[in-house]
Structure formats: C-alpha cells, structure tokens
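A.B. asks: Here is my input; please provide its structure:
(one chain, ligands or ions: 1)
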Amino acid sequence: MKPPAFAYHRPETVGEALDLLAELGEEAKILAGGQSLVPLMNFRLAVPAHVVDVNGLTELTLSAQRGGVLRLGALTRHRELERSPLVAGAAPLLAAAAPFIGHPQIRSMGTLGGSLSHADPSAELPGCVLALDATVVAASARGERRIPAGEFFASHFTTTLESDELLVAVEVPVPAGRVGCAFTEVAARHGDFALAGAAAVVTLDDAGVVTDARVVCAAVAPTPVRVAAAEKLLTAGLPGGLTEVETAVQDSLDPTPELKVSARYKRRTAGVLARRAVEAALADAEGRAA
Ligand SMILES: Cc1cc2nc3c(=O)[nH]c(=O)nc-3n(C[C@H](O)[C@H](O)[C@H](O)COP(=O)(O)OP(=O)(O)OC[C@H]3O[C@@H](n4cnc5c(N)ncnc54)[C@H](O)[C@@H]3O)c2cc1C
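C.D. replies: Numbering: from 1, shown residues only. Reported below is the predicted structural model:
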C-alpha cells in the first residue's frame, strides 16, 4: 500500500525545523528513521498532511560525553548504539539492548529519538532509558525542555512531547564506580517485538553491598514499568535470594494480554527475565573495580 499524498519538508537547521513544527502543529509528523512512521502511513493508520524529515539536521547526529553525562543526538541509529565504543563504555545497557531491535536493516535506519517518541510498549529502548534515569531533551520554537525518562512515557504510543516539540537528544548519566547492568527479553523469533523484557542497573559499594538498584520491565503495560518492590529487595541485601526478585515482579505487574500471549504468561515471564537481568547486572558490577 502507499500513503495518501502529503507535503514533504526537509529543513536544514534545527531552528528551521522548529519553526515548521510551530506553524504546522498537529498536521505534521516528524520523519526520522521511518521504520515505524512509514509503515503506519502505508497502512493509512497515520495520515499526516505534512512530513518534516529531520535527517538533514547534522546537530541531531552528534554524541559526546562531558563530565558525568553522555549526550546522544536524537538521530543516533540503533546500529550506532550497538557498535559505538563510546556507548559501550558510557551506557552499556543501550549497547546490550540494541541488538534485540528488529533486524540489521531496521537498526541501520531506526533512531533513538524515533523509538522513544514512538513509545511502543514492546520496544527495548524506552525501558532502558527509564532504567538509566536518562533525561530527554525536547526543543520547540518556545525554547528547550528537559524531561526525566520517568515523566516522558504517558501511555501506549503516547509521550508527553507537545506537537511542536522535537526530541533533540537524550542525556544518560555515566556510571561511576561499580555499576552493572543487563537487558534480556523473550520474543517469538529473534528480531520480533518483545513479549516481555527486563532491564536492571545495580550499584555496589566497595564492600559489595547494593546501594542503588533500578529494575524495569517492558512489554507488560502501556509504558515501561519500574518495579520498586524488587529494587527495595536489592538494597535490603536480597534476604530471600534472587527468587524473591522474580516473585516481587510477578506480584507487582498487571500486564495487558495481547494477541499472541496471555497476561499470565507475560507476568510469569517478566518475573523470570527480571531475575535473570538482576543476576547478570550483579555479576557485571562485581567484575568492576571498586
Ligand atoms: C519489521 C520491523 C521490526 C521492528 N522491530 C522492532 C523491535 O523489535 N523493537 C523496537 O524497539 N522497534 C522495532 N521496530 C521499530 C524501529 O525500532 C523504529 O526504528 C522505531 O520504532 C522508530 O524509530 P524511527 O527513527 O524509525 O522513527 P520514525 O518511524 O521516523 O518515527 C516514529 C515516530 O516518532 C516520531 N519522531 C521520530 N523522531 C522524532 C523526534 N526526534 N522528535 C519527536 N518525534 C519524533 C515520528 O513523528 C513518528 O511519530 C521495528 C520496525 C520494523 C519495520
């Protein structure tokens, strides 16, 4: 199928893009990697009158680490997350999750900004940015706004971005000391969207005690979910062992069933995946020098 006719815009600067978005409002859709928007347009589930292609905005491709923060431009491709030494060193959770996204062709085109803005509940990167306590930087003709990942995802395919806002970058705190992380998921076939997924980030002190933990499940609710009960168990020293993490996650979730799997399957699988992610994150942290 082909999309209905639309007006195509290709701004050359961020300022030009923001002026266009301010002028066109709800009539416009931003085109980044096109891996979600183009299929939606072809199926006529999205029928924007205007498409604003941001691929000419070099500024959005830049990534750099300054001090304790890694700033990734919105046009960072999934493939770069997977392969970049900068990302591997400063945000290894993103590097670990990226290979689970679709297939190489999709990862070559799809972008970090597009994945977060699209906010598919089954996507990998939204859960990871939540687990990393990242900040989304949004710009509009009205100025710039910084949105904590915990306040960015509103519901299925819905974020707190306004229609005139462009996601320009994502800022990730760079781990210092003994921080370990892991991502894992189950999908029907490799490259399919996750049926359930889990990310864990843990911090150990010099004595090997967990001082901070973030456990996030994906594909079990309209937005990625932080599981506070599991995090509490970790900072309490896991009195009942890792199995408690699994149970805490299963008790905390109330998943939405989907065509392929039941809510019960998702709940049980998310618990197992969270336990595995926590175990791997702990091992990762233990392997790092104090
Ligand atoms: C066969 C197939 C399999 C896939 N499998 C997976 C998978 O397993 N996991 C997964 O996570 N994804 C998967 N995807 C989707 C892929 O990751 C997309 O890249 C991603 O969802 C959207 O990124 P994009 O850059 O392609 O965005 P686009 O498709 O260009 O845009 C998506 C949406 O975000 C908006 N948008 C894009 N960039 C910005 C911005 N900077 N600021 C504000 N709004 C913006 C657009 O207007 C649009 O509404 C798959 C896609 C396909 C076709």
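
A.B. asks: residues contacting the closest residue to the ligand within the stretch 151-290 of the chain?
C.D. replies: As assessed by C-beta to the nearest ligand atom, the ligand sits closest to Leu167 within the stretch 151-290 of the chain, at 3.4 Å. C-betas here are computed from N, CA, C, even on glycine. Counting by C-beta atoms under 8 Å, 6 or more residues apart in numbering, Leu167 makes contact with Ala74, Gly113, Leu116, Ser117, Val136, Val137, Ala138, Leu161.

A.B. asks: ok now do the last one, which residues does it touch?
C.D. replies: Same thing as Leu161. Ser117, Ala138, Ile147, Phe152, Leu167.

A.B. asks: Out of those, who's the most crowded?
C.D. replies: Counting neighbours by other C-beta atoms under 10 Å, Leu167 leads these with 26 neighbours.

A.B. asks: circling back to that earlier point, of the contacts of Leu167, which ones also sit close to the ligand?
C.D. replies: Taking C-beta under 6 Å from any ligand atom as the test, the ligand is in contact with Ala74, Gly113, Ser117, Leu161 out of the contacts of Leu167.

A.B. asks: just checking, the second one touches Leu75?
C.D. replies: Same thing as Gly113. Yes: taking C-beta atoms under 8 Å as the definition, Gly113 is a contact partner of Leu75 at 6.4 Å.

A.B. asks: Now do the shared contacts for the two.
C.D. replies: By C-beta under 8 Å, 6+ apart, Gly113 and Leu75 have these common neighbours: Ala32, Leu60.

A.B. asks: Around the ligand, which positions in the stretch 51-200 of the chain sit nearby?
C.D. replies: Counting by C-beta under 6 Å from any ligand atom, the positions of the stretch 51-200 of the chain adjacent to the ligand are 54, 74, 101-102, 106, 110-111, 113-115, 117-118, 120, 123-124, 161, 166-167, 193.

A.B. asks: still on that earlier bit, grab the two from the contacts of Leu161 that are most spread out in space.
C.D. replies: Greatest spatial distance among the contacts of Leu161 (C-beta to C-beta): Ser117 and Ile147, at 11.5 Å.

A.B. asks: Could you break this protein into its assigned domains?
C.D. replies: Following automatic domain parsing, one gets these domains for the chain: 7-53, 58-173, 178-286.

A.B. asks: Find out how far the shortest one is from the centre of the chain, if you would.
C.D. replies: It refers to domain 7-53. Centre-to-centre, domain 7-53 and its host chain are 21 Å apart (C-alpha atoms, centre = their mean, to the nearest Å).

A.B. asks: do the same with stretch 213-231
C.D. replies: The chain centroid and the centroid of stretch 213-231 are separated by 12 Å under C-alpha atoms, centre = their mean.

A.B. asks: Establish whether it and the ligand are in contact.
C.D. replies: No: using C-beta under 6 Å from any ligand atom, stretch 213-231 stays clear of the ligand, with a minimum separation of 9.1 Å.

A.B. asks: buried residues in stretch 8-23?
C.D. replies: His9, Pro11, Val14, Ala17, Leu18, Leu20, Leu21 (16 or more other C-beta atoms under 10 Å).

A.B. asks: go on, stretch 281-290?
C.D. replies: For stretch 281-290, burial by neighbour count (16+ other C-beta under 10 Å) applies to Ala281, Leu282, Asp284, Ala285.

A.B. asks: neighbouring contacts of it?
C.D. replies: 177-182, 200-206, 208, 210.

A.B. asks: Which of the residues you listed fall within strands?
C.D. replies: Counted as lying in strands by DSSP state E, out of the contacts of stretch 281-290, are Arg178, Val179, Gly180, Cys181, Ala182, Ala200, Val201, Val202, Thr203, Leu204, Val210.

A.B. asks: Please tell me which one of the residues you listed counts the most neighbours.
C.D. replies: Counting neighbours by other C-beta under 10 Å, Ala200 comes out on top of the ones in strands among the contacts of stretch 281-290 with 32 neighbours.

A.B. asks: what residues are up against it?
C.D. replies: Ala200 is in contact with Ala131, Cys181, Ala182, Ala213, Arg214, Val215, Val216, Ala274, Ala277, Val278, Ala280, Ala281, counting by C-beta under 8 Å, 6+ apart.

A.B. asks: Of those residues, keep whichever come out buried.
C.D. replies: Buried members of the contacts of Ala200, scored by 16+ other C-beta under 10 Å, are Ala131, Cys181, Ala182, Ala213, Arg214, Val215, Val216, Ala274, Ala277, Val278, Ala280, Ala281.
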